[in-house]
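>>> predicted model and sequence below, questions to follow.
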Amino acid sequence: PLMGSEDFGTLAQSIDVPSVYWFFGAYPEETLNRSPVPMNHSPFFPPALEPTLSTAVHAAVAATMARLGK
């Protein structure tokens, strides 16, 4: 469960465009042993660059291509 306090959805609705808000993160295994696991905006947020970046890029390209009908 996450707090629903982002304003992102309001921005898209105000100009009548579709939007999507995804969370991507790949934690090193030693980070998952912490309690709580550091989240975005934490100075201890440690996502691994790979595979997080390539997964996010592939997902964004697939969504864009589907939306454009390619």
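That came in fine, so what should we check first? Numbering: from 1, shown residues only.
>>> look up the pLDDT of the residue nearest the centre of the chain for me, please.
The centroid of the chain falls nearest to F23 when counting by C-alpha atoms, centre = their mean (2.1 Å). According to the prediction, F23 has pLDDT 75.
>>> which residues does it contact?
N40 (C-beta atoms under 8 Å, 6 or more residues apart in numbering). (C-beta placed from N, C-alpha, C; glycine too.)
>>> separation between it and A12?
17 Å (C-beta to C-beta, to the nearest Å).
>>> G25 now?
Relative to A12, and taking C-beta to C-beta, G25 is found at 23 Å.
>>> what does S19 give?
Taken as C-beta to C-beta, the span from S19 to A12 is 3 Å.
>>> still on that earlier bit, which one's more surrounded, G25 and A12?
G25 (16 against 13; other C-beta atoms under 10 Å).
>>> mind listing residues that contact the longest helix seen in the chain?
What stands out as the longest helix in the chain, according to DSSP state H, is helix 49-68. Helix 49-68 is contacted by residues 18, 20, 22, 24-26 when judged by C-beta under 8 Å, 6+ apart.
>>> give me the pLDDT for the nearest residue to A48 once chain neighbours are set aside.
Of all residues not flanking A48 in the chain, A26 sits nearest, at 4.6 Å (C-beta to C-beta, 6 or more residues apart in numbering). Here, the pLDDT recorded for A26 equals 75.
>>> now swap in S19 and tell me
On the pLDDT scale, S19 gets 82.
>>> ok, it touching L11?
Yes: between S19 and L11 there is a contact under C-beta atoms under 8 Å: 7.5 Å.
>>> phi and psi next, for the residue nearest to the centre of the chain.
F23 adopts backbone torsions of phi -110, psi 130, taken as degrees, to the nearest 10.
>>> quick check: the gap between it and T55.
11 Å.
>>> residues of the helix-or-strand element of the chain with minimal mean pLDDT that come out buried?
Sorting the helices and strands of the chain by mean pLDDT, DSSP states H and E puts helix 29-32 at the bottom, at a mean of 76. Neighbour-count burial for helix 29-32 flags T31 (criterion: 16 or more other C-beta atoms under 10 Å).
>>> neighbours of A60, how many?
Counted with other C-beta under 10 Å, A60 comes out at 13.
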